[in-house]
Every structure is written in structure tokens, then in C-alpha cells.
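Peer 1: Prediction below, plus the sequence it came from.
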Amino acid sequence: MTDKRPDVKIAGRILYLTEDQDLLERQLYGYEDLPFDAGRALIDNISTDELTPGWVCYYYDETLARYCLVGLRGGRVKADAIKNGGFGVIVSGLSKGCGSSRETAPFSELKAGVQLVIAKNIEKIYGQNCQNIGLLTSTDFGLIERIQRGETIPIAEFTRGLDPIAASIVEHGGLFAYNRARLAGVVAPPAVATAARPMTLCEKIIADRAIADAKTGATGIAAVQPSDALFVRTDVRFSHEYVTPMAEALFKMGLGDDARVTDPGSVFAFRDHLTFLDRVMPEAHVKLGLREQAASLATVQQSFAARQGVRLYGEVQRDGADAGSEGICHNIVIEELALPGQLVIGTDSHTCMAGVLGCFAFGVGSTDMANSWFTKDVRVRVPETARVELRGALRDGVSAKDLMLHLLAQDFFRSGAGIGKVLEFGGSGLASMGIDERATLTNMAVEAGGFTGICEADGVVLDYLREMRGVDPASLTDRLFRADPDARYCHVFDIDLATIEPTVATPGDPRNGVPLSELGSDVRIDIAYGGSCTGGKKADMDMYAAVVRRALDAGRSLPDGVRCYIQFGSQKIRDYAETMGYVTLFRAAGIELIDPSCGACIKAGPGVSDRPDQVTVSAINRNFPGRSGPGQVYLASPYVVVASAFLGRIGTPEEL
């Protein structure tokens, strides 16, 4: 026997996150309760950045309850508003929980007293994090009136449509409770009995890494299909300083203070997100004691890594001076750690970037990571796959970033249909792209709400691994999975690369892509930022340099009031830029160079805005409200970012 969660009676008020800001405020501070109205306009695409902005994530305990939703667009939600409002239910529109994988987001809701989140659809990582910590979710708006009538709601209402493992986790009240029962032999996931069938690339890797026998640890089953639920063996597990402390706290809570990480050689920690936070922390945050709170994350992570024997990629010095991090976790995972056919998990939504090597890589929350430290496995519900068939080649001055912004703007993704899907990139057009450009594709798959992105490991990948890491391609022969020709896809995009135009995403969401030709030529900018895991690779440096040379040859200089930043994704990328003469070139043009770290992408380094009226054009991967400061952020390719810096407005290199 094992204790299961009983049917629930939701206590407390219902908060509708309405587009009408005054109505939202009346609920929060006037304690006005609204009747259910199916036609009421609710806020869509509420990101985890809005639920718990970056600075809130310096906390990893019940303090998070105080700051639930303080980043919500409109600025009406103040500290303690959710906690003190007596809310048991939060209701919103499409794509609740998009963006980062931070488990602080649902944790803040739970600890503020929220029992249930209702939205038109729930993003994959956010939804899984909710299940893991015991926060109920639903897309059934019919529950609202039942709750208002005081009905007790059967737990089955919250497990409908879930796979057996997810349903059991919800029934047990969370992942740790479920895993205690699982490890005790009280519960077990049903065996996957899918017969041999044509499979996609990710399906083949999942089948290969599936736990076939929990007692012996044997892996590998005949086949899987979408909706199969199972546990899979991980090959690489990593976390960064934003998340390691919370995961460790959960690890100890679930397994005791003496718990040990299983196979620490496959676990990695990164001090890469808050390296330059001191340079941009607002004085108001300093007064709140957040400088010390943020610094403590690195200290806790360092202690964890030393105690558990985990490799920590930390801060470095060059020529006797501080020089940032060894690299952004995603760049280093590609440069040094992941291999084709492997299964990679990380506590960051952009873990999917590693899919460029032909591995199955995806982001998880703190609870999933804490469990995997012990079990070395992670649960997966086999996702559907959308195929992105690429033909031809991109034109000069057009990059993979333009392709992704074009793709994300399709109705399939804007409607939420892409949530939880794998984006499998292939076709003859992929062969025309180098490893770095492909990495932009896989990195930004999560901006579609996707599970992950992946490319087959072809000759380009094998050459990269040989040249970068000395890997013998012959040693990977049995790890080079290929999608079957007759594999089934939920959707197929057929894209002629020659038709892709320079594209930008207007502020608020990466899915707001429009051709630059339709944007107009009057969007003045204050900041141009080139960097992050998406925009700080070697190929990106090549693009930045080409535009800088063109601008200087044309006699251009940075206009007064415009600041341009370029940040390197890793120390190896910085070495490359120095060898190519780019560092000297960039400095001569007045561009401010930043050592490797995440930085401005998460509002934690030089390049952030500090006023709402500022406009940034950026090579980062997402532009949710508040992501890189209070200003407006347009996403663009490396070409457009640097060209815009010299033009003083958003434009292309051809206009220089």
C-alpha cells in the first residue's frame, strides 16, 4: 500500500489574470471576486520570467511566495499580493509557463497558497514541474464553476489525459513521494509494449536509453511511440548556479543529508549565469540584500560540487584578471561533453541546444534533476515530432536566426500546437549549414514551446567532434541514429531556405516574427547586443565581424547614444575571436566586449536596458517582458544586430 492524494476541495479565491489591468488590480487589492465569464480576455504567454523574474530566483525557499508574479506585464502585481490575496486558483490564457525551465515559478505559486492553475494550455516543462511539486493544473475551464459551488473535485479530473507515470505522480502529490514508492517496489510504471515500428530520430534514442529492467538497470527496448511513458537512462546531467542550490535542497529533503550523487562523473555544474550580476544589479535590489543572496548561490553550488565529486565549470582568469566563466553551459556541453545518441538533461530550457550533435537533450526542473542525481534516470512521455524539411541554401546576409524567427511565427506555434513537440531538422538544406548555425535551430526549438530540437549526426557533426575534441568517428558508429524514411510526423514544414528573408521578432515573444522589410525603417535603438548561447558562437563572431568591417569601410561609426555589446559564449570562442583578429576589430569600432557568461540575456550582465523607453535589438533567443531589462527587445540575426548598431535603427548590412 502507498498513500495517495485524496480528492480535493479547492479553498480560496479565484484570480483571473485579465488583460484589463484595472480589473486585475481590483481583484488583487480590492478583494473583488469575479464571476466566471468565458469571454473575458485573459493574458496569454505568461512566461516563467514573469512568474519569478531573474532576481527572485536568487531565493530557493518559501521566500519565493512573496514575489509570485511580480514580473507580470503591466506591473500591477506587487510583493505579497498573491500570498496575501487568499487565492487558491489562478486562471490565464494560452501557453502558461512558457520560457525558462525555472521551477521557482510554480513553487512560488504553490507556496503562495495556490492549489490549482487553469490555462488554455500548459507549457511542457512548467507543467511537469507543477506535477513534480504537487501543484495541480488543468485546461478545463468547466472546473471553475464547480469550484465556486464548493464541490470536491476527484483527483481523476487532474490526471485525465496524462500518461500513467505523470498520473501516478499527481496522485502521489509529487515526484519524490512517487519515487519513494517506486524504489520501494510499491508502484511501477507500466512496461512499454510497443511493437517494432518506423521511428523518428528522438524515438530511436528514447528506445535505446529506455530502462528495460529496473532491477538490473538494463536499457533498450524494441520501439516506442508517442504517448508511451517510461524512464530513460541519462548520459549527461548538468545544472547551473541558479538551480543547483534548490535541487540540492530537494535532494536532501527527499533522500537525507548524507545522500550521494550516483555516477558523479556524468554530472556537471556551471557557474555561468550570474557571473557579472554585480555590474548591473539595481540599487534597490542591493538594499534588499540581493547581492549577498545571489552570491550565496555560487557558494552553495561550489560546496555541493566539492562534496559530491562533481566537475564544476567556474570562473577563470586571463592574464591575471577576472575573465568571466569558462563558458555558458550550453556552449560547453557541445564543445566538451555531449555525443551523438546520448540523452542529456539540464536545469535550463535551452539544454535542447545540444540536439545539434544528434543527441536527445532537454530541460528539466529542480525536482527532476534532484531525483536523477540519485536514480540516474528521468521520466519521459514520448513526444510527437514535427519534421522541418530544409531545401536549398540561405542567401547571403540571412542566417539560421532568421529561419527560426520565420518558423516560430507560423500559426502552428503561435496557437500553442507546438507545445511539447520535437522539432527534427533535416533535408538537403541542413547540409549547407555549419554546426553553429544548426545549434541556433536546436537552441530555439524551446521558443516554439517544443520539447527539444534535434539534427541527425552527419559528416558535419563528425568532423566537428574530431577537430574540436579528437573524437574518432569510428567510435560513434553504433550511436549515429537516423530517422526511418517512413517515420510518422505530426506536422511537416517544407522550407526553401532561399525564400527566407531577414526577420525580426517584435517585443514580447519570440513568436512575433515579421520580415524586416515589413517592420519599417523608423525603429530607433539604444542598445545592440550580440551574445548569449544563441548569439555568442564562432559563426556569430564571423557574422559580427563581417558587418563591422563593412561599416568601417563605409566610414561609419556608432551613433551618439547607441551602445553595442558583443559577448563570447565560451573561452574557446573568445580564443577564436582573438586568433581571427576580431577582438582588435571590435574594439577599434567602439564595441564593448564582454567575457563569457549568460549576462544580459537573463538581465544579469552588461547590455541590459534600465528604462522602459529604451529599445534593444538583440541576438538572444527570447524577448519576454522584462527578460533583458524594462525596455523593449527586438530579436534579430547577428547581421542585423550589428548593422542596426551603426545605423542607429533596426536595419540590414546593405543599408550601411
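Peer 2: Structure's in. What do you need?

Peer 1: contacts and neighbour counts: CA atoms only from here.
Peer 2: OK.

Peer 1: hang on, isn't R5 packed against G174?
Peer 2: No. With contact defined as C-alpha atoms under 8 Å, R5 does not count as touching G174 (9.5 Å).

Peer 1: The two: which is more packed in?
Peer 2: Using other C-alpha atoms under 10 Å, the more surrounded residue of R5 and G174 is G174, with 22 against 15.

Peer 1: Can you give me the distance of the more buried one to G254?
Peer 2: 11 Å (C-alpha to C-alpha, to the nearest Å).

Peer 1: do the same with P198
Peer 2: Distance of P198 to G254, given as C-alpha to C-alpha: 39 Å.

Peer 1: same question, L24
Peer 2: To G254, L24 is 38 Å away according to C-alpha to C-alpha.

Peer 1: What of A400?
Peer 2: Distance of A400 to G254, computed by C-alpha to C-alpha: 43 Å.

Peer 1: and the two? which has more neighbours close in?
Peer 2: Comparing A400 with G254 by other C-alpha under 10 Å, the one with more neighbours is A400, at 21 against 18.

Peer 1: ok, that one - contacts?
Peer 2: Each residue near A400 by C-alpha atoms under 8 Å, 6 or more residues apart in numbering is listed here: E437, R438, T440, L441, S637.

Peer 1: Of those, which belong to helices?
Peer 2: Applying DSSP state H to the contacts of A400, the entries found in helices are E437, R438, T440, L441.

Peer 1: what's the spacing between V56 and G346?
Peer 2: The gap separating V56 from G346 is 20 Å, by C-alpha to C-alpha.

Peer 1: So these two - more neighbours on which side?
Peer 2: A direct count of neighbours by other C-alpha under 10 Å for V56 and G346 places G346 higher, at 29 against 24.

Peer 1: Got phi/psi on T244?
Peer 2: Main-chain dihedrals, T244, degrees, to the nearest 10: phi -50, psi -50.

Peer 1: Does the residue nearest to it when sequence neighbours are not counted belong to a helix, a strand or coil?
Peer 2: Of all residues not flanking T244 in the chain, Q301 sits nearest, at 5.9 Å (C-alpha to C-alpha, 6 or more residues apart in numbering). Following DSSP: H, G, I helix; E, B strand; the rest coil, Q301 is assigned to helix.

Peer 1: My read is that Q301 contacts A247, right?
Peer 2: No. Under the criterion of C-alpha under 8 Å, Q301 is not in contact with A247, lying 10.0 Å apart.

Peer 1: got the contact list for the residue nearest to T244?
Peer 2: Shown in contact with Q301 (C-alpha under 8 Å, 6+ apart): E241, T244, P245, A269.

Peer 1: how near is R563 to G648?
Peer 2: Computed as C-alpha to C-alpha, the R563 to G648 distance reads 10 Å.

Peer 1: same thing with A305?
Peer 2: 45 Å.

Peer 1: okay, these two: which has more neighbours?
Peer 2: Higher neighbour count among A305 and G648: G648, with 23 against 19, using other C-alpha under 10 Å.

Peer 1: pLDDT score for the more buried one?
Peer 2: pLDDT recorded at G648 is 98.

Peer 1: for this protein, what are the low-confidence residue spans?
Peer 2: Within the chain, the stretches with pLDDT under 70 are 1-3.

Peer 1: Please repeat the previous calculation with a cut-off of 80.
Peer 2: Low-confidence segments of the chain (pLDDT under 80): 1-4, 183, 214.

Peer 1: what's the domain layout of it?
Peer 2: Listed domain ranges for the chain are 13-172, 204-500, 503-655 (source: automatic domain parsing).

Peer 1: Could I get the ones you listed in JSON lines, plus columns for distance to L183?
Peer 2: Listed next are these as JSON lines, based on distance: least, C-alpha to C-alpha, whole Å:
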{"stretch": "domain 13-172", "distance to L183": "13"}
{"stretch": "domain 204-500", "distance to L183": "9"}
{"stretch": "domain 503-655", "distance to L183": "37"}
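
Peer 1: Go through the ones you listed and pick out the most buried.
Peer 2: The highest mean neighbour count among these, using mean count of other C-alpha atoms under 10 Å, belongs to domain 503-655: a mean of 22.

Peer 1: Over to that domain now: how far is its first residue from its last?
Peer 2: End to end - C-alpha to C-alpha - domain 503-655 spans 15 Å.

Peer 1: Residue numbering should commence at 6 henceforth.
Peer 2: With 6 as the first residue, the last one maps to domain 508-660.

Peer 1: Identify all contacting residues around the helix or strand hosting A582.
Peer 2: Per DSSP states H and E, A582 falls inside helix 576-584. The contact list for helix 576-584, computed with C-alpha under 8 Å, 6+ apart, reads S330, E331, G332, G541, K542, K543, M546, F573, V588, T589, D600, P601.

Peer 1: Which of these sits closest to E506?
Peer 2: M546 (20.6 Å; C-alpha to C-alpha).

Peer 1: The closest one should be in a strand, yeah?
Peer 2: No. Assessed with three-state DSSP, M546 is helix; it does not lie in a strand.

Peer 1: R471 versus that one, what's the distance?
Peer 2: Between M546 and R471 the computed distance is 22 Å (C-alpha to C-alpha).

Peer 1: Look up phi and psi at T205.
Peer 2: The phi/psi pair for T205 (degrees, to the nearest 10) reads phi -80, psi 180.

Peer 1: before we move on, what about F112?
Peer 2: In terms of degrees, to the nearest 10, the main-chain angles of F112 are phi -60, psi -40.

Peer 1: I figured it hits N137, correct?
Peer 2: No. Counting by C-alpha under 8 Å, F112 stays clear of N137, with 10.0 Å between them.

Peer 1: Can you tell me the element V393 falls in?
Peer 2: V393 belongs to strand 390-396 when assigned by DSSP H and E.

Peer 1: okay, the angle between the helix or strand following that strand and strand 390-396?
Peer 2: Scanning forward in sequence from strand 390-396 by DSSP H and E, the next helix or strand is helix 405-413. Orientation check (axes from the mean of the first three to the mean of the last three C-alpha atoms, to 10 degrees): helix 405-413 against strand 390-396 gives 130 degrees.

Peer 1: Not counting its own residues, what contacts stretch 96-104?
Peer 2: Outside stretch 96-104, the residues within contact range by C-alpha under 8 Å, 6+ apart are 19-23, 47-54, 122-128, 130-132, 354, 420-421, 451-452, 454, 627, 629.

Peer 1: so of these, which ones are in strands?
Peer 2: Among the contacts of stretch 96-104, DSSP state E puts I19, L20, Y21, V122, I123 in strands.
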